[in-house]
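Undergrad: coords please:
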Amino acid sequence: MRIKSQLMALVAGTVLPLALLAGFLTYQLCQQQRQAYQQQFLERASAVRLALDTEFDAVFRILRATGDGTEIPPGDAETVLLRRFRGVLDNYPDWAALALTDAQGRVTVSYARSSRPAPPVLDEDSIRRSLASGTGAISNVLAAGDGGHFVYVATPVVHEGATLGLVYAAIEHSHWLDLLRTYPVSKRGTLTLMDRSGTVIARTLNDAQWAGKKARADYWAKITGQAEGAFKTLAVDGTPFYAAFSRSTASGWVLATGVPQDEVDQELYWKSLAVMLICAVAMLGALLAAWRLGKAINVALVGLLHTARTLSDKSFEPGTELPIREARTVRNALVNARDQLLAREAALSESLEREASARQQAENASRARDQFLAMLGHELRNPVGAITAAVDILGTGNASPVALSRSRDIVKRQTDHLAAMINDLMDVAQLDSGEMVLHKTHLDLARVAAKVLTRFEDTGRCTHLQMRTEHVPAWINADEARLELLITCLLDNACKYTPPGGTVMIEVKGEPDRSVLRIKDTGAGIAADVAKSMFDAFTQGQRSIDRSQGGLGLGLAIAQRLTLLHDGAISASSDGPGHGAAFTVTFPAAEPPLPELAASKLAPSNKLLITIVEDIADNREALMLLLEAQGRRINEAVDGPSGVQMILSGPSDVALVDIGLPGFDGLEVARRVRQDPAGAKVVLIALTGYGTQADRARAFDAGFDAFIIKPFDPDSFEAVCQKALDAKGL
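TA: From the prediction side, this is the model:
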């Protein structure tokens, strides 16, 4: 089957069900519209019926006011009432007569228009019912002598709770006809008012023909016994129409509407016809479009076939323009197929190279991890071995004083070394996780660099080198502790890789918009393969088997991350292995602060009572021996509950509290101490191995005054203790 025929069949198969669906939906819509019209007619009948009941209320009020005898002199009742009757009839031309009865229903006063025949008298049954119930009464339609029709409306005359009689009015048929004509239904619609017996009182269409006659029996049967409703029925001449009715609660009369069905269906017919015409036009248009599209596709396919057959020819020409844009796109793709194929081959080759590079990087990372773990084990075993040997010497009873002193020095140096490695690991973790928060102040970069160099010289870390400095004041905004760590990492790296007798130069200078720190050495230099990853964690240059440089390869990584945190930049340069290296760090310049008076420092009194809360016996005993050797008074506790009791019983001046405790942790210890008035002035210092920024924040929130990371350092303890005591005014 050709594409053109398939497209036309596809269109027909698609549009025809849609047309059938549209016809079905149109039919359903017409049914719903008919129901909506019926509901509309019912609402109209109900609205007119409500107006009818309102009219009855007005008539009752007029009659009660007319028959009111409270202001009538005893001897002039008939005269006064006749005058009132004439006034009412003058105001209401459709009222034919008024009358007043006594309590037995006998007419005592009446008045009728002289220009019209007298209406029939109200039937005795209506009179008795109204007098007995004390409520108004409305009669069915009654015929007059001249062929006219009347309706009587009566209401009792009540005075001081007693029914004195009845006043009623004869209202002509024209009154009710005028009321109906005030509320038209539609152009050809009819409103009909019928009494309780089904007799027509008034009708907006052919009123003279229907007034006073009974409604059709079948029509009245559908209304009898119901308050309101809507239905379809036939007129006398067989014309179908929509009917709706509503029954008056005041009179029992029925207000009915009738609208010819063709008036409603005519609008629906034109709507349905429009839908069918639209569907037919759409189907014809779709078939025509399918025919033209099929023709265009054939032309496009022939053109593509020609292109495919001649594509390998170097003298290929695209030929005539194809009628379909997608076909032109395909032909352009075929024309460029050769170039794209070459591009794909090049991309594949590049992808394979990237994959090989990524695999090599992964293998390098794996080797770096293995090397780091091996290096970490080596670096930990060295100080642990030295500490173990020194402890064994300290435990012997026959060691000389010199051996004991040197063993203590070994333990101190190696524990400091272990602490430094742990701190490096923690610093890298904090920097990588973004937990490190800087507390910046105005600092002189030259002063901080000199301070770090002095520390190196005091500890003997650079005695084998020639240290040279060129310092000028250079002010920056920085965290002093982190800045010291940054300079320490760079200076330690220079000292580590510079052989004995070499030179390390520290330069600090200020420029208009930046401050510069440069550390140059005459050491091992930087190989090209190391330069690419020298700022990565756990990366070091080639090291000999003796691993004399030591360390974990974290210094430069820490220095780079701290530089970035200070909005600075770091770079390295070298002329190659054996020619030394230079590291340059730049910071945004800051204005120097105003000079401040130096604060005096006082060593804490040896009379302070210190409580140690630590669950690990060795740690607790070591702290006690160290502080007692300094002449301090010591209390000890092994868990959270006993710690709170011991701190408050003194009360203690200072409490060193471990965070990880049995019973409840050190944070809860701090909270309970602060809740007790006796613990308000106790200096609480957290001593823990947890050193992240979040750990510090939780400790200070719990009530700690200071935070010390294990291992315990007496100098740090003295500093934070004195600062906390000064803050509390102790």
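
Undergrad: and stretch 233-251, which residues are buried?
TA: Neighbour counts using 16 or more other Cβ atoms under 10 Å place 241, 242, 243, 244, 245, 246, 247, 248, 250, 251 of stretch 233-251 among the buried residues. C-betas here are computed from N, CA, C, even on glycine.

Undergrad: Restricted to strands, list those.
TA: Residues of these located in strands (DSSP state E): 241, 242, 243, 244, 245, 246, 247.

Undergrad: would you turn these into a markdown table with distance to residue 158?
TA: Formatted as a markdown table, those follow (distance: Cβ to Cβ, whole Å):
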| residue | distance to residue 158 |
| --- | --- |
| 241 | 46 |
| 242 | 45 |
| 243 | 40 |
| 244 | 38 |
| 245 | 34 |
| 246 | 31 |
| 247 | 28 |
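
Undergrad: outside of the helix or strand where residue 634 lies, which residues touch it?
TA: Using DSSP states H and E, residue 634 maps to strand 633-637. Identification of contacts with strand 633-637 by Cβ atoms under 8 Å, 6 or more residues apart in numbering yields 607-614, 620, 624, 627-628, 643, 645-647, 650, 652.

Undergrad: mind running it again at 10 Å?
TA: 606-615, 617, 620-621, 623-628, 642-647, 649-650, 652-653, 655-658, 661, 663, 669 (Cβ atoms under 10 Å, 6 or more residues apart in numbering).

Undergrad: May I see the buried residues of stretch 220-229?
TA: Quick answer for stretch 220-229 (16+ other Cβ under 10 Å): 220, 223, 228, 229.

Undergrad: Now residue 218. Nearest residue, chain neighbours left out?
TA: Once flanking residues are discounted, residue 218 sits nearest to residue 233: 7.6 Å by Cβ to Cβ, 6 or more residues apart in numbering.

Undergrad: Now for the closest residue to residue 592 other than its chain neighbours: which residues touch it?
TA: Distances taken as Cβ to Cβ, 6+ apart place residue 475 nearest to residue 592, at 4.4 Å, with adjacent residues excluded. Taking Cβ under 10 Å, 6+ apart, we find residue 475 in contact with 442-447, 510, 515, 587, 589-593.

Undergrad: I'd assumed the residue nearest to residue 218 was in a strand, is it?
TA: Yes: counting by DSSP: H, G, I helix; E, B strand; the rest coil, one finds residue 233 located in a strand.

Undergrad: what separates it from residue 245, distance-wise?
TA: Separation of residue 233 from residue 245 (Cβ to Cβ, to the nearest Å): 11 Å.

Undergrad: any shared contact partners between the two?
TA: Joint contacts of residue 233 and residue 245 (Cβ under 10 Å, 6+ apart) are 219, 222, 258.

Undergrad: wait, isn't residue 642 in contact with residue 672?
TA: No: under the criterion of Cβ atoms under 10 Å, residue 642 makes no contact with residue 672, lying 12.0 Å away.

Undergrad: coming back round to it: quick one, which of the contacts of residue 475 are buried?
TA: Looks like these have 443, 444, 445, 446, 510, 515, 587, 589, 590 buried, using 16+ other Cβ under 10 Å.

Undergrad: Which members of the buried residues of stretch 233-251 are the farthest-apart pair?
TA: With distances taken as Cβ to Cβ, the most widely separated pair in the buried residues of stretch 233-251 is 241 and 250, at 27.6 Å.

Undergrad: low-scoring pLDDT stretches of the stretch 551-700 of the chain, where are they?
TA: Low-confidence segments of the stretch 551-700 of the chain (pLDDT under 70): 551-553, 593-606, 691.

Undergrad: cool, and the stretch 101-250 of the chain?
TA: Using pLDDT under 70, the stretch 101-250 of the chain drops low at 115-121, 123, 145-147, 161, 235-238.

Undergrad: need the strands for it, in chain order.
TA: 107-112, 137-138, 142-143, 149-159, 162-172, 190-194, 200-203, 228-234, 240-247 (DSSP state E, counting those that start in this stretch).

Undergrad: Of all those strands, which one is nearest residue 399?
TA: Nearest of those (Cβ to Cβ): strand 228-234, 119.2 Å.

Undergrad: partners of that closest one, with directions?
TA: Paired strands of strand 228-234, with direction, are strand 240-247 (antiparallel) (DSSP bridges).

Undergrad: Now the element after the partner strand, going C-ward?
TA: Criterion used, DSSP H and E; the element after strand 240-247 is strand 254-260.

Undergrad: May I see the strands of the stretch 101-250 of the chain organised as CSV, with distance to residue 274 added?
TA: Shown next, in CSV, are the strands of the stretch 101-250 of the chain (distance: least, Cβ to Cβ, whole Å):
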stretch, distance to residue 274
strand 107-112, 61
strand 137-138, 49
strand 142-143, 52
strand 149-159, 48
strand 162-172, 49
strand 190-194, 30
strand 200-203, 36
strand 228-234, 25
strand 240-247, 23
